[in-house]
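# Fold the following, please.
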Amino acid sequence: MPSLQTYLLDTNVLLIALVSPERLPQEVQSWLVNPDHDIYFSSASIWEIAIKCSLRREGFSFLPEEIHRLAIEAGFVELTLQSSHCYPVVNMPWHHRDPFDRILVAQSQSLSARLLTTDSMLSRYSDFVIVTPLEVVQ
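Predicted coordinates for the structure are as follows:
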């Protein structure tokens with residue numbers, strides 16, 4: 001019987017998984033489609049996408065409602081931000097200042113999930129953080 005794994009996608013990995021999954025290593029792609037794995041995305045990521053969208057950042061054309069819909073259609077499970085998810089932040093060292101990344105680390109700890117990220121700084125928080133490189137697509 002295969003062991004069940006639980007993964008939480010950071011915002012960047014969520015976007016890449018939905019828009020250009022070929023940029024993820026083959027191993028990560030297989031984790032995301034494995035029916036024995038639970039794949040979560042955080043409502044905090046949708047909030048981050050909404051903020052970036054509202055700032056009209058050049059090259060950032062993602063709409064939060066579209067990413068939310070695509071994530072659900074992909075079979076990912078939405079992890080809503082709960083007050084208890086914020087508790088680990090109190091004791092979290094300041095390796096990283098981005099509040100969205102910090103809450104994603106805290107949520108992964110609360111869920112006992114592996115956090116998939118492209119941000120190598122986050123690996124300083126926990127062995128549960130998996131930094132995935134991106135493939136260069138020609």
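
# pLDDT weak spots in this structure?
Counting by pLDDT under 70, the ranges of the chain that qualify are 1-3, 135-138.

# If we use 80, what do you get?
By pLDDT under 80, the weakly predicted segments of the chain are 1-4, 126, 135-138.

# now the helices for it?
Under the criterion DSSP state H, helices of the chain are mapped to 11-19, 26-33, 43-54, 64-73, 83-86, 99-111.

# Which among the ones you listed is found nearest to Thr118?
Evaluated over those, closeness to Thr118 peaks at helix 11-19, with 5.0 Å, by C-beta to C-beta. For glycine as for every other residue, the C-beta is placed from the backbone atoms N, C-alpha and C.

# okay, the angle between that closest one and helix 64-73?
70 degrees (axes from the mean of the first three to the mean of the last three C-alpha atoms, to 10 degrees).

# Make CSV out of the helices of the chain and add distance to Thr132.
Output for the helices of the chain, formatted as CSV (distance: least, C-beta to C-beta, whole Å):
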stretch, distance to Thr132
helix 11-19, 7
helix 26-33, 5
helix 43-54, 16
helix 64-73, 17
helix 83-86, 22
helix 99-111, 14
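
# For Pro93, find the nearest of these.
Short answer: helix 99-111, nearest of the helices of the chain by C-beta to C-beta, at 10.1 Å.

# List the contacts of the closest one.
With contact meaning C-beta atoms under 8 Å, 6 or more residues apart in numbering, helix 99-111 is reached by 6, 8, 10-11, 40, 42, 44-45, 47-48, 79, 81-82, 84-89, 92, 96, 113-115, 117, 119, 121-122, 125-126, 128-129.
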